[in-house]
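Colleague: dropping a prediction and its sequence here:
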Number of protein chains: 2
Amino acid sequence: MLTNKVPVLLSMISFWVLSFMFFCPSSLPAQETEQDATWIWYSGDYEIWLSNNMQARRTEREAVLPPLWRLYSPYSLVTFQKELDLPEADEVILQTEGSFMLLIDDVLVHGQPKKFSLSAGKHKIVLRVFNQEAVPSIYVKGKHLRSDSSWVATHEDKQWIDENGVPHQSGTPWVQVGTWNFNTPESKPSEFKLNTELWNAKKIEPVGSGQLVDFGKETFGYVKLHGVKGKGKIALYYGESREEALDSLRCETLDYLNFDGNQESEFTVDKSKAFRYVQVQADSGVQFDSISMLYEYLPVDYRGEFKSSDEQLNEIWDVSAYTLHLNTREFFLDGIKRDRWIWSGDAHQSYLMNYYLFFDSPSVRRTLLALRGKEPVTAHINTIMDYSLYWFVGIYDYYLYTGDEDFIKNFYPRMKSMMDFCLARRNEDGMLSPLPGDWVFIDWADGLGKTGEVSFEQMLLARSLEAMAVSAGISGDEDGKKEYNELADELRTKLFDVFWSDEKEALMHQRVEGKVLDNVTRYANMFGIFFDYFTEAQKQGVKEHVLLNDDIQKITTPYMRFYELEALCAMGEHEFVLDEVRSYWGDMLKLGATSFWEKYNPSEKGVEHLAMYGRPYGKSLCHAWGASPIYLFGKYYLGVKPTAPGYEKYEIEPHLGGLKWLEGKVPTPKGDVAVYCSEKEIKITGANGQGLLVFESKRKPSSDFGTIRKINGNRYELDIESGVTYKVSYAALK
Amino acid sequence: MLTNKVPVLLSMISFWVLSFMFFCPSSLPAQETEQDATWIWYSGDYEIWLSNNMQARRTEREAVLPPLWRLYSPYSLVTFQKELDLPEADEVILQTEGSFMLLIDDVLVHGQPKKFSLSAGKHKIVLRVFNQEAVPSIYVKGKHLRSDSSWVATHEDKQWIDENGVPHQSGTPWVQVGTWNFNTPESKPSEFKLNTELWNAKKIEPVGSGQLVDFGKETFGYVKLHGVKGKGKIALYYGESREEALDSLRCETLDYLNFDGNQESEFTVDKSKAFRYVQVQADSGVQFDSISMLYEYLPVDYRGEFKSSDEQLNEIWDVSAYTLHLNTREFFLDGIKRDRWIWSGDAHQSYLMNYYLFFDSPSVRRTLLALRGKEPVTAHINTIMDYSLYWFVGIYDYYLYTGDEDFIKNFYPRMKSMMDFCLARRNEDGMLSPLPGDWVFIDWADGLGKTGEVSFEQMLLARSLEAMAVSAGISGDEDGKKEYNELADELRTKLFDVFWSDEKEALMHQRVEGKVLDNVTRYANMFGIFFDYFTEAQKQGVKEHVLLNDDIQKITTPYMRFYELEALCAMGEHEFVLDEVRSYWGDMLKLGATSFWEKYNPSEKGVEHLAMYGRPYGKSLCHAWGASPIYLFGKYYLGVKPTAPGYEKYEIEPHLGGLKWLEGKVPTPKGDVAVYCSEKEIKITGANGQGLLVFESKRKPSSDFGTIRKINGNRYELDIESGVTYKVSYAALK
């Protein structure tokens, strides 16, 4: 199998590495503008604190269901520091979350001042803040001195005063502070809440002495009761489906409210929930006039757009966008009803969809930081082997889409310790096989082999090592870069040596106790396509013998369908994939879905669609991974993707996939790429960065701007400059 | 210097190791009785949380002064588990600090129940508790099921449910839970407060329009104002001395109270402080009737006692006991006014004093746990190299005095990671020399060499490695035991090879860049005495050429005088040491001390005694290390010390040191040892364990019980059985 070595490396270089060789952009914090004063904290700590709170809010019939994995903790004592040279005197206001000590030019200021003055000239400002209930954080605002990401912080101050009163400090590990968007003194990070908006009920029908309230579509928020009078209990039974809300004994979430007669007439439940329907049953002693809800959401712009000649696909895109938005909250959730934890594998797909819809980089960063936690690493992320590895791949993707080098530089030490943990769990053959406490997930699939060495896990590790090598380079760790590249090379070689079968024309699934089992699954084979690990011949073999082979166990979760459809798109099966989308997602719409589900099985009927995990309403009817058409349509039909970090270079390769026309926008760090494509015309408006349109035409195409170059056969390309609109006349191949 | 190897090892064995070879007791949690239901938490986490809060309460004129070292954080999500076989059905009440999930026999109980029932038979109870503001903790009480130290806990549950609803769990790191004394459902750990007691002012005198209140002696607590009326500000200026309280511009602590006219008539300040005097100045608009205080203290028994024919020494012991008590709080403090942090070096002395006064093992454990924190170790304890090492020595002492093996077993992993950190900081010669961020303290002394390899630090490391070897043995880590013993052997050999000077008859202080400097200090030499690292000849040399040599730089802090006097006692200089105590501690009493000071310099006059660190009232007038006579009198005059862990074996070797008589009690894990000694008679009542009285007599002694054996010359011994009182007639040598 040694013949694989060269082609694999070459193909890898073409897809992943060349971009860095040609272009190394300066840091671009995507979509964010120059900061004024903002609340700052120890990087990553606020994300840990907020995610702990969010994840512990998951309930099942009032029982709290915190995650099964470890939660990390913020530092309770943080020193913030800023040195600056003031051109003039400054008056500074100061807000903190926590008790504090202020040192101006190494002199302690007595009391807990709310403001202070500085003379013109050089100064060193130090704030040491203690808070054991929320995250130590500060807001400082003068004309010149402002808390922003130029400050540094440490959890180990190490400044001591000797017997002569002389201060000494060394070995203090300073890091760049963390920020989000808390830009006023009043907007304390600990008081963060998502936005809300009042929604009225769409329909109310009686149920016994109570009522069933329908809000018209899947939603998330706080039920509000208006005009509450009297004493007694009101029960709220929530349902994503009508059936669930009506089944008070078995619905997954509920609230029992007790009123003592002294309540305000308007009452809002204290914990937000996911639902479309609510059954309300009140004791006879208590009445209310009406019911509404506060829809709770993260304010993000819908920057991505998609329209086509197929109305059903347009609706699929719209419902996908809403599904992703419902799951894009403090962090990327897997699902909004029962789930409400942060899962690295699920989040990895949300990151990718996000790049084609909101391009909200802070949400990606928050989620990556919450998942990683802090030192020491004692278990896989979410306890799942594959989920640690998706985390690395997610960081690589984040860098590719945003070009944000600061993030990599700041968190490279945490990447390194996470990778140290993974590498230390390899067996004597240098492969990952599960040790006690390691959950090998891959997918929910009957009889799926998860013991020994699974080829899919080794492939994710290889890609993670490539991500580490790139990150080491960005962070200036040249030794690390070399070492990670070597480890990645070795592992890719071993992957093919051990698992590739010339007979099956596929990667085998698993090796147990030194023997490769006679079993081919789709997982490693489909990832190998879009990781570009195969030779062209291998790709074609895999496509025919695995992807399009019905004898290979089928994938039943939208989770893995995401990657399966991506692999098929990467292999040019655009029409086939659209048909799959129409039947799979289209059928959910026909069944009345207002958001996409955790799982859809066409052979099920009626309430069978609501059940999962042996529970009648166990299935989530709003699951982030159900929203994958956003990603597929943006990347493979509008056809836009970065080819250098932060869209400094990008490609546009529209595919009609059998449609008459399609159009839309893909967001980038600086501006949107607009695409229109019919069988005769392609229109592109470029964003900042160097774009390249690639397309095929039966005849010689023409453009109103720029010069079209022929690549080969029917294949052409055209450079796309920022802000310019290009109209290309051509003839689609079919 | 190779000749040292054998004697050092032999003497070491005689003092430290033999005891373990002969006797390995079962675990004895000193002074604590069988637990009923009690609040439980993840071991060590409550101590971290409480110590964070306590240390962040240090103030300087209303500025908060948190520690310069890192604070650790408790886990916010903890799983508690207990399996048991119930002889009958049980009704159980449940209290938690935090929201929770209850699983009975792997089945989720809905809601947040306050009680539950169990049928007779086998059960598994699991509680997962989330709390991000205080420490997740539980109290469970049924007839049979009770939360106590038999429960286990983890911060990584790792239980996941597969697609068939089957739970899987592996690799979960269970530990024994932590407890203290929260034994009722109402006594929530997060609401812990020290006890208080109302004290009235002893004397009040006018100061301008205000008053100076004298509480008669050093104290700690909350000032109370009675009958407060009107609106305006009241300023409280605290002083350990009259001078400090009167100096409103420079006193170290103060409170500015603002009354809006709507206050209750009785007002208590919210933060306790250390003081004897308070100057009160009220605005004209606000009045109060009287002032008192709530004395705040940890309730502990004064089990140790000491009386002698010298009234001055008796008073010194009494004031020492009060000084130690004031500093024995949530944790062992260094000093109660300005300081209020937990310092490992200071605490080490408090542990030792505590064994001769309160024998309060929980206070030692709390302090050791707070100091150590959690993983990862990124700096020395308190950032001080010697203070990491005292921590190990403190654990060894704790084991020797209490015999508590459970503590060692539970925290051995944290000992190991702390030692890994220390060992990783050795230089190429295997010695500790400071790296960036390492503070080498040793002592406050002018011009003290702290660079390169300091012999004192290597000696502490050697003793720490011995402590690790003993702990490894207890914890069943035989490889670790072997390795630590080898490392200790090597280092002791190297210590003498490099630093022992036959010419100076002393250990040299320091080697810098490969050259031993021509400098002898007392530190390594006095520790070498009571660590028993010297041959008999070396000891005599060190005594003459270092300890009793006025040309060697003198020690000026009570901190290091503790060890100096101990070394002199160990060398038989009992009379000399009592004279030192009379002049040093006796003179403080003559100057009006009601507690012992941080430092005393006989050459200073008047207010000079109050100043330190360049601040007029910078000196602490109540400092734990000032209380060392408690330890010296108990160990070297009453002469009681354990020779096997937990006092399973102990020695009593009373020394009059020139006194006519002395008597007292020394506490042990099970009962007190009572000692009376005059020139003609020794009376001993033994505690649980095998005691051995050792004494010298000019004539053949006699006993009313047991059989006196002659050792050699004038030296005799008598076995002391538990609970029996022995009267020995003898004739003291002088």
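Modeller: That came in fine, so what should we check first?
Colleague: when you work out contacts or count neighbours from here on, use the C-alpha atoms and nothing else.
Modeller: Will do.
Colleague: how about the closest residue to A:T59 other than its chain neighbours, what does it touch?
Modeller: Leaving aside its chain neighbours, A:T59 sits nearest to A:L65 (5.4 Å; criterion: C-alpha to C-alpha, 6 or more residues apart in numbering or on different chains). Each residue near A:L65 by C-alpha atoms under 8 Å, 6 or more residues apart in numbering or on different chains is listed here: A:56-59, B:100-101.
Colleague: among those, which are in strands?
Modeller: Among the contacts of A:L65, the ones falling in strands (DSSP state E) are A:59, B:100-101.
Colleague: closest one to A:V724 out of these, please.
Modeller: Nearest to A:V724 among the ones in strands among the contacts of A:L65 is A:T59, at 51.2 Å by C-alpha to C-alpha.
Colleague: how deep is that closest one tucked in, by neighbour count?
Modeller: By other C-alpha atoms under 10 Å in any protein chain shown, the residues close to A:T59 number 23.
Colleague: longest single helix anywhere in chain A?
Modeller: Taking DSSP state H as the criterion, chain A has its longest helix at helix A:478-499.
Colleague: average model confidence for it?
Modeller: The average pLDDT within helix A:478-499 is 98.
Colleague: would you mind finding the longest strand in chain A?
Modeller: strand A:210-226.
Colleague: and that one, what does it pack onto?
Modeller: strand A:195-200, strand A:203-207, strand A:267-268, strand A:273-282, strand A:290-297 (3 or more C-alpha pairs under 8 Å, 6 or more residues apart in numbering or on different chains; DSSP states H and E).
Colleague: buried deepest among those, which one?
Modeller: strand A:273-282 (a mean of 24; mean count of other C-alpha atoms under 10 Å in any protein chain shown).
Colleague: next secondary structure after that strand?
Modeller: strand A:286-287 (DSSP states H and E).
Colleague: sheet partners, orientation included, of that next one?
Modeller: If you go by DSSP bridges, strand A:286-287 pairs up with strand A:229-239 (antiparallel).
Colleague: beta-bridge partners for A:A63, please?
Modeller: Beta-bridge partners recorded for A:A63 (DSSP bridges): A:E60.
Colleague: quick check, it in contact with B:M101.
Modeller: Yes: the pair A:A63 and B:M101 passes the contact test of C-alpha atoms under 8 Å, sitting 5.6 Å apart.
Colleague: spit out the residues that contact those two alike.
Modeller: The contact lists of A:A63 and B:M101 share B:108-109, B:112, where a contact means C-alpha under 8 Å, 6+ apart.
Colleague: how about the contacts made by A:I529?
Modeller: Counted by C-alpha under 8 Å, 6+ apart, A:I529 has contacts A:539, A:567, A:570-571.
Colleague: how about those residues in a markdown table, adding neighbour count, pLDDT and secondary structure?
Modeller: Below are the contacts of A:I529 laid out as a markdown table (neighbours: other C-alpha atoms under 10 Å in any protein chain shown; pLDDT from 0 to 100; DSSP: H, G, I helix; E, B strand; the rest coil):
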| residue | neighbour count | pLDDT | secondary structure |
| --- | --- | --- | --- |
| A:K539 | 22 | 97 | helix |
| A:A567 | 23 | 97 | helix |
| A:A570 | 16 | 96 | helix |
| A:M571 | 14 | 96 | coil |
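Colleague: now, among those, which is nearest to A:K450?
Modeller: Nearest member of the contacts of A:I529 to A:K450, counting by C-alpha to C-alpha, is A:A567, at 22.5 Å.
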